[in-house]
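> Kindly return the folded structure for what I paste below:
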Amino acid sequence: MSLFRKIISLFFLTSVSIQAQTELKIRGLSGALEQNVNNHIASYDKTDISDSLRFQLKLRQDIEIALQALGYYQSEIEFTVSEKSGKTTLLVTVSAGPPTLIKTADIKLSGDATDDRQFAGLLRRQAPQVGDVLHHGTYESLKKELSSLALRKGYFDAEFSRSTLEVIPELNQANIYLHFASGTRYKFGEVSFSGQQIRDQWMQSLVPFEPGQPYLASELGEFNQVLANTNWFSSIAIEGATEQIEDYTLPILVKLEPRLRNSVETGIGYSQEVGPRLKLSWFKPWLNDRGHSLNADLILSGEEQNIEARYKMPLADSPSDFYQFQYGVGVKEYTRQNNVRTKVSNLAAERHWLLESDWYRIASFRWLYEEATEFEQKNTSNILMPGLSFNRLRQSGGQMPRSADRLLFNIEVSDKYWGSDANFVRLRGRAGWIGSVGRNHRFVTRADAGAVVGAALEDLPPSLRFFAGGENNLRGYGYESLPMQDDDTEVVGGRYMATASLEYQYRVKGNWWLAGFFDYGSAWSDSPDFKRGVGLGVRWGSPVGPVRLDFGYGLDSGERKAFKIHFSLGPEL
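Numbers count the residues shown, from 1 in each chain. Model prediction:
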């Protein structure tokens, strides 16, 4: 018995060894046929492949199924087994044979969908035609697309009154009978809310459709996004009241839960010259049943302390349009000039519009009062500035967006005619773009420019002048260190500013990225002295936004220690 077991064990091990050494080769196919066969046998493990009759039968069935899916029912398959140097090869020669052609394509629509352009376009693009090679995937895809489109557009009673695919292999012919009865298209009914803390008049203004309008699922998606953008609610559920349907009209129920009345967020940053910077934000997303909100920011650093509060009043007819009032006070010291210090008070009234083109338009009127001690000279500035700005941000892909672009244009005007201390026009523009190649490569570009036209530079308060340098502007240089001051200059800042940045990021693992960058630009009054900064960085796509750590080197800083460390948390554009 012991000898018998040894023989059986030896036979078993030899069989496994032979199977493991069998190589499978398939020839005679190309293009889509070859690809589909490969897809069907991709699940085979190396140990599954052998020259046994059982495996050949299974392989034949899988190849025939793969070819029939593309309309080839008359295939011929031959197997050849060869051995060389102790290695077994299973050669499969496949002749696909003649294709099965569509003889009848009886595809019909009935119901309201007969007048729907999207259904007509779908059939024009995807419906099989007489004379086409039969493709089971195309047939099934058309059925799914018809059902999906009907559901998205409110044809809730749609069904196939006939869906038949007849294949006659001996004649190489196929007949398709596809009759789709869409029925009546449903309409939106009244929208009712529950659980909300905002008055119904304000809530109804958020609805992007009118009762009686044809149903469209994308309108509900837009509605959900509009509700989320208000920041009023912690939970949003939109559903159809199917039990209340009358005359093909679907009422909409919206179940809401209020957001917490207080939230606090923090942000941090760092640069070598200024040191750490802390930002603390307090937000009350709703104060009353009209959706008014309040938020305040406290910014602390070695050279700047600032507090600002904003009160927002959405309009009843369109909460994306609103009034905003803000007030801020701050103290700032310019570290590169130890004898420059400012105290600033800012009061502004703004009117915001969200335009149909996705641009935000802001009309503002700002009062600025600033006390500046500049090279032992004390000055006060009283500036009244009406302004107009346009900005737009588009992005997709989460905290580290795969694609994004941002544009901002701003103009403010000051004139002694309405009580200001100086006549000038201040212009500011920003642009940014993020693009991706595959999953592991990102590109970030930014450009920033500004100018003050009119008043002499010394008549402008320092907060309205332009500076360059720092993590969001020109890395490798100190925060707002440009233009560099000399012993003969008794004023800080410049009349003009222009910077640009190009950055490449490579995903190392998960949400971690390495970055390389080149920055270029400066701020100046008479003639530009552009500076260059290069460096490497680390990025982390955290749940609260990108975290950036940069090691920059100022190629034109003129300093012995031109190496700077920059750390920040927040959007890249």
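> mind checking pLDDT for residue 408?
For residue 408, the model assigns a pLDDT of 97.
> which residues sit against the helix or strand containing it?
Taking DSSP states H and E as the definition, residue 408 sits inside strand 403-414. Contacts made with strand 403-414 from outside it, assessed by Cβ atoms under 8 Å, 6 or more residues apart in numbering, are listed as 364, 366, 383-397, 420, 422-436, 454-455, 572-573. Where you see a C-beta, it was placed from the backbone N, CA and C, and this is true even at glycine.
> Local confidence estimate at residue 487?
On the pLDDT scale, residue 487 is placed at 62.
> what's the answer for residue 86, then?
76.
> So which of the contacts of strand 403-414 sit within helices?
The members of these all map outside helices under DSSP state H.
> Any chance of a ChimeraX selection covering the buried ones in the residues you listed?
For selection in ChimeraX, the members of these meeting the burial criterion (16 or more other Cβ atoms under 10 Å) are listed in this command:
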select :364,366,383,384,385,387,389,390,420,422,424,426,428,429,430,431,432,434,436,455,572,573
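> quick one on the thing from earlier: distance from the chain centre to the strand holding residue 408, please.
Taking the mean of its C-alpha atoms, strand 403-414 sits 20 Å from the chain's own mean (Cα atoms, centre = their mean, to the nearest Å).
> quick one, what contacts residue 359?
Under the criterion of Cβ under 8 Å, 6+ apart, the contact partners of residue 359 comprise 390-392.
> one more time with 10 Å
Going by Cβ atoms under 10 Å, 6 or more residues apart in numbering, residue 359 touches 353, 390-393, 407, 409.
> Distance-wise, check it relative to residue 392.
Distance of residue 359 to residue 392, computed by Cβ to Cβ, to the nearest Å: 5 Å.
> same deal with residue 255?
Here residue 255 is placed at a distance of 32 Å from residue 392 (Cβ to Cβ).
> again, but for residue 361
10 Å.
> intersection of neighbour lists for these two?
Here residue 361 and residue 392 share the contacting residues residue 355, scored by Cβ under 10 Å, 6+ apart.
> Give the helix, strand or coil label for residue 515.
The three-state assignment at residue 515 reads strand, by DSSP: H, G, I helix; E, B strand; the rest coil.
> and the longest strand for the chain?
Of all segments of type strand in the chain, defined using DSSP state E, the longest is strand 377-396.
> what helices or strands is that one leaning on?
In terms of contacts (3 or more Cβ pairs under 10 Å, 6 or more residues apart in numbering; DSSP states H and E), strand 377-396 is packed against strand 340-354, strand 360-374, strand 403-414, strand 424-437.
> Partner strands of it, with direction?
Listed by DSSP bridges, the sheet partners of strand 377-396 and their directions read strand 360-374 (antiparallel), strand 403-414 (antiparallel).
> so how far is the longest one from its chain's centroid?
Its chain's C-alpha centre and that of strand 360-374 lie 33 Å apart, by Cα atoms, centre = their mean.
> now the angle from it to strand 340-354?
Here strand 360-374 runs at 170 degrees with respect to strand 340-354, directions being taken by axes from the mean of the first three to the mean of the last three Cα atoms, to 10 degrees.
> Likewise for the shortest one?
Angle between the axes of strand 403-414 and strand 340-354 is 110 degrees (criterion: the same axes, to 10 degrees).
> and stretch 87-106, how far apart are its ends?
In terms of Cα to Cα, to the nearest Å, the two terminal residues of stretch 87-106 are separated by 53 Å.
> How many residues are close by residue 40?
Residue 40 has 18 neighbours, counted by other Cβ atoms under 10 Å.
> Can we start the residue count at 38 from this point?
In the new numbering, first residue 38, that becomes residue 77.
> hang on, isn't it packed against residue 71?
No: under the criterion of Cβ atoms under 10 Å, residue 77 lies out of contact with residue 71, with a separation of 11.1 Å.
> Quick check, central residue of this protein?
residue 433 (0.9 Å; Cα atoms, centre = their mean).
> Can you pull the residues that touch both of residue 77 and residue 71?
Overlap of the contact sets of residue 77 and residue 71 (by Cβ under 10 Å, 6+ apart) consists of residue 103.
> out of the strands paired with strand 414-433, nearest to residue 319?
strand 397-411 (22.8 Å; Cβ to Cβ).
> How about the secondary structure of residue 264?
Residue 264 falls in the helix class when you classify it by three-state DSSP.
> Can you give me every residue that contacts it?
230, 233, 240, 243-244, 270, 273, 275, 291, 293, 356.
> Buried ones among these?
Neighbour-count burial (16+ other Cβ under 10 Å) is assigned, among those, to 230, 233, 240, 243-244, 270, 273, 291, 293, 356.
> would CSV of those residues with secondary structure be doable?
CSV is the format used below for the buried ones among the contacts of residue 264 (three-state DSSP):
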residue, secondary structure
230, strand
233, coil
240, helix
243, coil
244, coil
270, strand
273, strand
291, strand
293, strand
356, strand
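> doesn't residue 111 make contact with residue 132?
Yes: look at residue 132 against residue 111 with Cβ under 10 Å: they come within range, at 8.8 Å.
> Just give the number of residues close to residue 510.
Using other Cβ under 10 Å, residue 510 has 22 other residues around it.
> make that residue 502, sorry
For residue 502, the number of neighbouring residues by other Cβ under 10 Å comes to 23.
> Also the one 5 residues further on?
The tally of other residues near residue 507 (other Cβ under 10 Å) stands at 24.
> Not including adjacent chain positions, what is the nearest residue to it?
The shortest distance from residue 507 to any residue other than its chain neighbours is 4.0 Å, reached at residue 516 (Cβ to Cβ, 6 or more residues apart in numbering).
> Could you confirm the one you found falls within a strand?
No: looking at residue 516 with three-state DSSP, it is coil, so not inside a strand.
> Next, count neighbours for it.
Residue 516 is surrounded by 28 other residues when neighbours are defined as other Cβ under 10 Å.
> Kindly list the main-chain dihedrals of it?
In terms of degrees, to the nearest 10, the main-chain angles of residue 516 are phi -60, psi 120.
> Using the three-state scheme, assign residue 80.
coil.
> and it, how many neighbours does it have?
Neighbouring residues of residue 80 were enumerated by other Cβ under 10 Å; the total is 8.
> Ok, residue 587 next?
Considering only other Cβ under 10 Å, residue 587 is surrounded by 23 other residues.
> hang on, isn't it packed against residue 513?
Yes: with contact defined as Cβ under 10 Å, residue 587 and residue 513 form a contacting pair (8.8 Å).
> Now for the two: what residues contact both?
Common neighbours of residue 587 and residue 513 (Cβ under 10 Å, 6+ apart) are 554, 556, 570, 572, 601, 603.
> Next step: those restricted to helices.
Among these, no member is found in helices (DSSP H).
> Most widely separated two among those residues?
Of all pairs drawn from the shared contacts of residue 587 and residue 513, the one with the longest distance (Cβ to Cβ) is 554 and 601, at 12.4 Å.
> anything in contact with each of these two?
Each of 512-513, 570, 572, 587, 589 lies in contact with both residue 554 and residue 601 under the rule Cβ under 10 Å, 6+ apart.
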